[in-house]
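>>> Provide a 3D model corresponding to the input given below.
(chains A and B, ligands or ions: 1)
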Amino acid sequence: MSAKVLLCRCEDVTLAEVEHAIDAGQRDIESLKRFTGFGTGWCQGKQCLVACSRVLEERTGAFPQAPVTPRPPVHPMPLGLLATLGDAVSVDRVASDDEDGER
Amino acid sequence: MAPRRIDVRAVTKGRDSSVLRALYEYASPEASGPCTIEYDGRAIAAREGEPIAISLLAAGIDTLSRSVKFHRPRGPSCLRANCEGCLSRIDGEPNRMACTVPSRDGRVVRAQNAFPSAQVDFMRITDWFFPKQFDHHHLMVRYGTAINEAMQGFARKMAGLGTLPEQPSSALGPEEIDRDVLVVGLGPAGLSIAESLAKAGLSVLAVDEEPTAGGLVRDSLSLHALDAKLVCGPAYGDALLARARAAGVDVRLGASACATFDDGTIVISGERALWVRAKARVFANGCHESIAPFGDNDMPGVYTARAAARALRYGVRVGDAVLVCGTDADDDALCDALSAAGARVERLSAGQTLVEATGLGSVTGAVVRGASETHKIKCDAIVPVTVRTPAFELAGQAGVEAARDGARRCFAVRADESGRTERRDVFAAGSVALGGRSSARELAVVQAVVAFVGRGGAA
Ligand code: FES
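You can find the predicted model right below:
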């Protein structure tokens, strides 16, 4: 059996899958992420973002100008802990921050 | 896999090499006593306080979980909360990283998401069924609704992570903290900046997600210069920590800054969330290790260099025969330390590259390509070349766009030589910033932060 090269462990995204997506026209890092799902798992891209960006560079000649948009939390956190923040962090505040975080 | 606990007394007996002194920080019998944890119904002899993932490695268990789609076997690879390989159900709570939870008498650890166990999981068939990739775009829509629905239902059962906790959350109420400055990341850069800011009269909260200070230097097996003396990583980290504390910095270890907004930062500290309002935020949170691409690079038995070094500190070697692919000074020190710990060490020679890991469950060998031929190596652990990439995410959340670092082929926080960013209250220092670490920049960051807070902050 042929060995898989994993670029994103959390979501089981392989090098073959990333190359297939690039060949299918996903030639910028955001589209590549949306198409393959890399960076959407437990580690949120800590291990895979640069690995995928380098494949993109090898395939298209250009390393991405900017990374995908980082969103909270950096590490997964228990919802029970988030809930304790109650009044300190208003939900509105968090939601509106997220909106203008979109690029 | 054979047990891998090193007999520290035997290994260090009659030796006084500085590398050995740097080693085994937590491994001596004085450092911690024995305890017993339960893993999937088995009693495992462990040492109190060492990370559960390391206790299990020491007992010869390196496969702790299964991957989400293919159900490939996974194990701890980073030992520092950077991967997903150690996710387990611990004391009834799902999705705990076994590399961050200390062993304690009576702790109950279970594999999750595997049927019937992490070591033997029938769902591995998905891996063999899809030899290259799992193309859900086509798979889930192409084959008619009935099959599609059945597949989705099945996938939902077998994917996802863990099941709900047994007990309702026991989280304590939040702690609200107001300070002049929040420093995130307590490597050499963060620690020295925090100390200088406190000496300049500012109130400083400094946090690091690790239970110890020193960052990358703490895990390094090389010696480091401190006050014209050469010291090992832990001593270096502890000395800088003591100085910061003496200067009045409020230091919280094991405290992870998870989310940051204009009006505050959420820090998770054990059972409690902190809501930190600071006039200025300094991000000195270093680098991640990016995955190294080669065949079956996710197999249990593949470790980052930092993980291999960290396991040694607890008196555990990651393998009996270890292939180390990197060639920098830290890799050399790692090889020395592994040999001293009784492992057979293989290195790649110039021009050789690692093609793939081999083995059915965990690593039993590697395929290496030279200029003209390809050959097999027998080993039970692989340490690929380290690819360090700045942890720009937190600064990114604060609204500072990360920039391409063309030379290093990664992204870094865009900051000037004083650590200033496009957000007036956000500063970056150390290896997370474009241009990397320099003590000149650390001095300049301190001045810039003092000036900014002195002007009253925000406005
Ligand atoms: S997250 Fe625990 S070993 Fe990587």
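
>>> correct me, but residue B:452 touches residue B:281?
No. With contact defined as C-beta atoms under 8 Å, residue B:452 and residue B:281 do not form a contacting pair (10.8 Å). For the C-beta atoms, the positions are set from N, CA and C on the backbone; glycine is no exception.

>>> name the residue in the two with the higher neighbour count.
Neighbour totals were compared for residue B:452 and residue B:281, and residue B:281 leads with 25 against 20 (other C-beta atoms under 10 Å in any protein chain shown).

>>> what strands line up against whichever strand or helix holds that one, and which way round?
In this structure, residue B:281 sits in strand B:272-283 according to DSSP states H and E. Applying DSSP bridges to the sheet, strand B:272-283 is found paired with strand B:175-184 (parallel), strand B:264-269 (antiparallel), strand B:426-428 (parallel).

>>> geometric centre of chain B: which residue is closest?
For chain B, the residue lying nearest the average C-alpha position, counting by C-alpha atoms, centre = their mean, turns out to be residue B:80 (2.2 Å).

>>> for that residue, list the residues it contacts.
Neighbouring residues of residue B:80 by C-beta atoms under 8 Å, 6 or more residues apart in numbering or on different chains: B:99, B:210, B:306-307, B:310.

>>> pick out the most distant pair among those residues.
Within the contacts of residue B:80, B:210 and B:307 form the most distant pair, 13.3 Å apart (C-beta to C-beta).

>>> which of the two has more residues huddled nearby?
Comparing residue B:210 with residue B:307 by neighbour count (other C-beta under 10 Å), the higher total belongs to residue B:307, at 25 against 20.

>>> any idea how far residue B:53 is from the nearest residue to that one once chain neighbours are set aside?
The shortest distance from residue B:307 to any residue other than its chain neighbours is 4.0 Å, reached at residue B:79 (C-beta to C-beta, 6 or more residues apart in numbering or on different chains). With the distance defined as C-beta to C-beta, to the nearest Å, residue B:79 ends up 6 Å from residue B:53.

>>> just give me the neighbour total for the residue in chain A positioned nearest to the ligand.
Using C-beta to the nearest ligand atom, the point where chain A gets nearest to the ligand is residue A:43, with a distance of 7.9 Å. Residue A:43 is flanked by 24 other residues according to other C-beta under 10 Å.

>>> and what about the nearest residue to it once chain neighbours are set aside, helix, strand or coil?
In this structure, residue A:43 finds its nearest non-sequential neighbour in residue A:10, 5.3 Å apart by C-beta to C-beta, 6+ apart. Under the three-state scheme (DSSP: H, G, I helix; E, B strand; the rest coil), residue A:10 adopts coil.

>>> now the end-to-end length of stretch B:342-353.
Distance between the boundary residues of stretch B:342-353 (C-alpha to C-alpha, to the nearest Å) amounts to 25 Å.

>>> what are the contacting residues of it?
Contacts to stretch B:342-353, defined as C-beta under 8 Å, 6+ apart, come from residues B:6, B:11, B:317, B:319-325, B:327, B:335, B:338-339, B:354, B:368-371, B:377, B:379, B:381.

>>> buried residues in it?
By 16 or more other C-beta atoms under 10 Å in any protein chain shown, the buried positions in stretch B:342-353 come out as B:343, B:345-346, B:348, B:352.

>>> which two of the residues you listed have the greatest separation?
Distance extremes for the buried residues of stretch B:342-353: the farthest pair is B:343 and B:352 at 19.7 Å, using C-beta to C-beta.

>>> contacting residues for residue 47?
Let's take chain A. A:8-10, B:82-83, B:288-291.

>>> oops, wrong one, chain B.
Applying C-beta under 8 Å, 6+ apart, we find residue B:47 in contact with B:26-27, B:32-35, B:55, B:103, B:314-315.

>>> beta partners of it?
Applying DSSP bridges, one finds that residue B:47 bridges with residue B:34.

>>> which element is residue B:354 on?
Counting by DSSP H and E, the element that carries residue B:354 is strand B:353-358.

>>> just to revisit the earlier point, what comes up buried for the strand holding residue B:281?
For strand B:272-283, the neighbour count (16+ other C-beta under 10 Å) marks B:273-276, B:278-283 as buried.

>>> and residue 37, how many neighbours?
If you meant another chain, say so; for now it's chain A. Each residue near residue A:37 was counted by other C-beta under 10 Å, and the total is 20.

>>> hmm, I had chain B in mind actually
A count of nearby residues for residue B:37, using other C-beta under 10 Å, gives 23.

>>> kindly report the same for residue A:87.
8.

>>> next up, the contacts around residue B:96.
Contacts were defined as C-beta under 8 Å, 6+ apart; by that measure residue B:96 touches B:87-90.

>>> do residue A:78 as well
Listed by C-beta under 8 Å, 6+ apart, the contact partners of residue A:78 are B:169, B:171, B:268.
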